[in-house]
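Visitor: Take this sequence and fold it.
(chains A and B)
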Amino acid sequence: MEGCPRSRETCPKLLDLIPQERKWYHNEEKNNSDQEKKLELRLAPPGGDEEDLSAMKKTNLDTRNNIKKEAEDKPIFNLSGNHFSPSNKTTYAPPHISHKRTAPGPVVGWPPVRSFRKNLASSSSSKLGNDQINKSGEGEKQVEPKRDGMFVKINMDSVPIGRKVDLNAYSTYEQLSFAVDKLFRGLLAAQRDASGGEGEEKPIIGLLNGKGEFTLTYEDNEGDKMLVGDVPWQMFVSSVKRLRVIKSSEISSALKFGCSKQEKMRN
Amino acid sequence: MNYFPDEVIEHVFDFVTSHKDRHSISLVCKSWFKIERYSRQNVFIGNCYAINPERLLRRFPCFKSLTLKGKPHFADFNLVPHGWGGFVQPWIEALARSRVGLEELRLKRMVVTDESLELLSRSFVNFKSLVLVSCEGFSTDGLASIASNCRHLQDLDLQENEIDDHRGQWLSCFPETYTSLVTLNFACLEGETNLVALERLVARSPNLRSLKLNRAVPLDALARLMACAPQIVDLGVGSYEDEQDSESCLKLQAAIRKCTSLRSLSGFLEAAPHCLSAFHPVCHNLTSLNLSYAAEIHGSHLIKLIEHCKKLQRIGDKGLEVVASTCKELQELRVFPTDLQGGGNTAVTEDGLVAISAGCPKLHSILYFCQQMTNAALITVAKNCPNFIRFRLCILEPHKPDHVTSQPLDEGFGAIVQACKNLKRLSVSGLLTDQVFLYIGMYATELEMLSIAFAGDTDKGMLYVLNGCKKMRKLEIRDSPFGDAALLADVNKYETMRSLWMSSCEVTLGGCKRLARKAPWLNVEIINENDNNRMEENGYEGRQKVDKLYLYRTVVGTRVDAPPFVWIL
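Guide: Residues are numbered from 1 along each chain as shown, chains lettered A, B, ... in the order given. The predicted model follows:
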């Protein structure tokens, strides 16, 4: 994201951190000395340095008159007068700077929005993307903005524990297929081992062409079970709700079962 | 009061319902403690690991309603690994064995299984109300048990759960003789719904007040449902696509007109915006509008809808100035980000917040995601709305300063805590130094929950908060430079709090161990999902930074159901 100054810096060494930190605010020239003043330990009476901090005048508060709270006994509360004014800072230059956020890439759990809302946001923007693609007649050309993770559940027959996969991390069905193999190969082997079969890890292949032991299917936003691979990748991403890896031998029975249920419900 | 017989005192106590007040009553004297114990109807347990079912039953043998919360709040944002805990099964088993006449169970962030639901449905004859919020681990089979076995069920309220939808016939498991339904919320179910069973259920539920549908309920079905239930007060619309069938739309409009009791509207999970006009006739009565799931509704349609809603008290949406000018009664507002990448012409900025604060003086709860903020805006908001109880501001980019002055946002948030004397919940964001925590410690006397992310400079920040906020209950911190000194400064403080979460901070294993030694009445949990080399290895021990720390007071010691990646010191 533009505007985050830290992205321009490479990760600074510990010793260099204090002077370099000053550069991470925008108007460096103007505010440098202000920053340094702010961070100095202060025991002066309130209002001492106000004239220096022109930027702070914007935050002139009437609340100064309302201050009733007494200074507490604990040393960290030894503010003179408890003045609600920026000039009275007693923070000091920190002995060490701990965390550095350099690249504003995807941070786990940030922004603090539940996953289903992230999916809402990304699915609505991907639907918009599809319309644009159709209009310009570019066929399958993908013009997609960078998105946050779109995690969908994926289950595999005979494996009791499911996984989650981030569809925005891939742009082709092949990549997805590889990811499925990575996710489940070990689990499947463990499962077979536990049920008395052979426990060696075999790669999971042929998910897309019907030739493997397993086939990749998905459930779309209308609740229908679909075979993965028919539609363009973007269209797939915008309509998929969850994935399921089923045994290829069960495909015909899955289709039959699904059909009769749908007929029942339409009555 | 000792001259009154117990029954009279008990009758007086019946009028005292808040948990805090009942707790205060129980502390007055032995006799009141005893009377209060036996007459307590509703029990609230904010952390399921702070106590166990046996002790609960010993203290309150006659309760009817239980509320349990499991995982820490940051679990909502994927910071707590799967399998951490929060299992409801032992609780239901213990309650089933006892003779307690459970009527209501409310769970938040807990792991619920089909087995638990089945046991629940069979164990309590008078069971009336099941509310599950942000839970997981069960499927529609569990719902089928509830439907089949709970003869007197009134509320089945499923909010934002992860439910394995087997697309079974759970709705048709409600017996034909069952007519007591009051609340039904299955909006979070992903799969198809048996529409016939749903219509018949609604048709035989004259007491139905709240109905929230999932996305598999189309327009024509909605029209029929509303025709069956004109008494409805709270409606969550499922699918709202514009099928070419204009007859459905007309039928819907006719049905909606009859719903004169409708006060709350939500859902629109798959919404075609131009159909919203069907709801205009009832908008003037709406006090609550939640469009946060309606990804498709933009701009002008939203504005038209809101313009009709003069009585709105609760809203979650994206069009703010209209809200400000129309909704003078507004009390709660949530603005979620549609565009998580930043920029774009739908960007939400400080202007929206200022407009809302100016137009809606009764506003007391806000959750606001935005691209940018200024101190000046926050100071204005504080002046306009000194009544905030909950103020949660999330600037999407971490460490972002005031975009006009490039200063930290300390002064802005300082103004908020200074002006809002009743503030109970606060989330801060943007570029913040220790100063903001000094303000919070000084002024936020009523603060109970504080969320901190990417903020502060030194341990002093955290110390200001721990020393100053006497009523603090839940403190959650991520990616901030607070370390052992702050953690260990006042160990007894944690006895007055429910829990503390710190992730990606500066606390070390040595510090956590010291804390655990000093405070045996705390569970100090280290969650280390990715760590294959066990932290007990000598040499790196003390100085090793802890990725996730979760500590909470408890009277029942170390929990026995912790998974391998949780290390309880």
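
Visitor: Disregarding flanking residues, what is the spatial nearest neighbour of B:D14?
Guide: B:S39 (7.0 Å; Cβ to Cβ, 6 or more residues apart in numbering or on different chains). The way it works is simple: take the backbone N, C-alpha and C, and place the C-beta from them, glycine included.

Visitor: show me the contacts for that neighbour.
Guide: Neighbouring residues of B:S39 by Cβ atoms under 8 Å, 6 or more residues apart in numbering or on different chains: B:E10, B:F13, B:D14, B:C62.

Visitor: Got the confidence number for it?
Guide: At B:S39, the model reports a pLDDT of 92.

Visitor: distance of it from chain A?
Guide: 38 Å (Cβ to the nearest Cβ, to the nearest Å).

Visitor: before we move on, the earlier item: can you select the buried ones from the contacts of B:S39 in ChimeraX?
Guide: Typed into ChimeraX, the line below selects the buried ones among the contacts of B:S39, using 16 or more other Cβ atoms under 10 Å in any protein chain shown:
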select /B:13
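
Visitor: Just the ones of the contacts of B:S39 in helices?
Guide: Of the contacts of B:S39, the ones assigned to helices by DSSP state H are B:E10, B:F13.

Visitor: Out of the contacts of B:S39, flag the one nearest to B:V182.
Guide: Nearest to B:V182 among the contacts of B:S39 is B:D14, at 22.6 Å by Cβ to Cβ.

Visitor: And the pLDDT at residue 91?
Guide: Looking at chain A here, since you left the chain open. Here, the pLDDT recorded for A:T91 equals 40.

Visitor: that answer is for a different chain, and I need it for chain B
Guide: pLDDT for B:W91: 97.

Visitor: Assign it to one of the three secondary structure states.
Guide: Using DSSP: H, G, I helix; E, B strand; the rest coil, the secondary structure recorded for B:W91 is helix.

Visitor: okay, now it: neighbour count?
Guide: Using other Cβ atoms under 10 Å in any protein chain shown, B:W91 has 21 other residues around it.

Visitor: roughly how far apart are the nearest residue to it once chain neighbours are set aside and chain A?
Guide: In space, and not counting its chain neighbours, B:W91 is closest to B:P53: 5.0 Å by Cβ to Cβ, 6+ apart. Distance, B:P53 to chain A, using Cβ to the nearest Cβ: 27 Å.

Visitor: Give me the neighbour count for B:P53.
Guide: Per other Cβ under 10 Å, the neighbour tally for B:P53 reads 21.

Visitor: shouldn't it be in contact with B:P90?
Guide: Yes: contact status for B:P53 versus B:P90: in contact at 6.5 Å, counting by Cβ atoms under 8 Å.

Visitor: just to revisit the earlier point, got a markdown table for the contacts of B:S39, with distance to B:L500 and pLDDT too?
Guide: Below are the contacts of B:S39 laid out as a markdown table (distance: Cβ to Cβ, whole Å; pLDDT from 0 to 100):
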| residue | distance to B:L500 | pLDDT |
| --- | --- | --- |
| B:E10 | 38 | 90 |
| B:F13 | 33 | 92 |
| B:D14 | 36 | 91 |
| B:C62 | 33 | 93 |
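
Visitor: closest to B:T445 among the contacts of B:S39?
Guide: B:F13 (29.1 Å).

Visitor: And for the closest one, nearest residue in space, chain neighbours not counted?
Guide: Among residues not flanking B:F13 along the chain, B:S39 sits closest, at 5.5 Å (Cβ to Cβ, 6+ apart).

Visitor: ditto for B:I379
Guide: For B:I379, ignoring the flanking residues on the chain, the nearest one in space by Cβ to Cβ, 6+ apart is B:A415 at 4.3 Å.

Visitor: Looking at the helix or strand hosting the one you found now, give me its mean pLDDT.
Guide: According to DSSP states H and E, B:A415 maps onto helix B:410-419. The average pLDDT within helix B:410-419 is 96.

Visitor: centre of the chain versus it, how much separation?
Guide: Distance of helix B:410-419 from the chain centroid (Cα atoms, centre = their mean, to the nearest Å) equals 25 Å.

Visitor: So whichever residue of the stretch 151-267 of chain A sits closest to chain B: helix, strand or coil?
Guide: With Cβ to the nearest Cβ as the measure, A:G223 is the residue of the stretch 151-267 of chain A nearest to chain B, at 4.3 Å. Following three-state DSSP, A:G223 is assigned to coil.

Visitor: That one contacts B:E192, correct?
Guide: Yes: counting by Cβ under 8 Å, B:E192 is a contact partner of A:G223 at 4.3 Å.

Visitor: Overlap in contacts, these two.
Guide: Shared contacts of A:G223 and B:E192, counting by Cβ under 8 Å, 6+ apart, come down to B:R167, B:A216.

Visitor: host element of the nearest residue to B:W32 once chain neighbours are set aside?
Guide: Nearest non-adjacent residue to B:W32, counting by Cβ to Cβ, 6+ apart: B:I25, 5.8 Å away. Secondary structure from DSSP H and E places B:I25 in helix B:19-26.

Visitor: Can you list the buried residues in that helix?
Guide: Neighbour-count burial for helix B:19-26, with 16+ other Cβ under 10 Å as criterion, is recorded at B:R22, B:I25, B:S26.
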